[in-house]
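S.K.: what's the 3D shape of this:
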Amino acid sequence: MLHRGTAKHPTSHDLLMAASNFGAEIDAETGPDVTVIKLEFLPRYLVMALDLLAEIAIRPTFKDIDLEAWKEQNPL
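M.R.: Okay, the predicted model is just below:
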């Protein structure tokens, strides 16, 4: 769910394009008790990658997700 968009990159496509602008690949997984955000990039793009990673972790949007339905399907 985290890689569906952020305030700055509103869709998953926008996020993927932002990552691909510096040759990075992005993936995220969420579960009831764990969140994993994976970003693969060349070392020279560390600052850009960390900016994007922070954006995904701190400002995710869930506008296309029904959170209540997701909670029912994924009980703790």
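S.K.: Is it correct that Lys8 is in contact with Ile56?
M.R.: No - with contact defined as Cβ atoms under 8 Å, Lys8 does not reach Ile56; the gap is 10.0 Å. The C-beta positions use only the backbone N, C-alpha and C, and glycine is treated the same way.
S.K.: more crowded one of these two?
M.R.: Remark: of Lys8 and Ile56, Ile56 carries more neighbours, 23 against 14, as counted by other Cβ atoms under 10 Å.
S.K.: Tell me if that one really is in a strand.
M.R.: No - counting by DSSP: H, G, I helix; E, B strand; the rest coil, Ile56 is not part of a strand but helix.
S.K.: ok now the helix or strand of the chain with the lowest mean pLDDT, how far from the chain's centre?
M.R.: The weakest-scoring helix or strand in the chain, judged by mean pLDDT, DSSP states H and E, is helix 67-73 (a mean of 72). Centroid displacement of helix 67-73 relative to its chain, using Cα atoms, centre = their mean, to the nearest Å, is 19 Å.
S.K.: element containing Asp27?
M.R.: Element membership for Asp27 (DSSP states H and E) is strand 25-30.
S.K.: Which secondary structure elements does that strand sit against?
M.R.: helix 12-20, strand 35-40, helix 46-58 (3 or more Cβ pairs under 8 Å, 6 or more residues apart in numbering; DSSP states H and E).
S.K.: Poorly predicted segments of this protein, please.
M.R.: Scanning the chain with the threshold set as pLDDT under 70 gives 1-3, 62-67, 70, 76.
S.K.: close enough to count as contact, Asp27 and Thr35?
M.R.: No - using Cβ under 8 Å, Asp27 is not in contact with Thr35; the gap is 12.0 Å.
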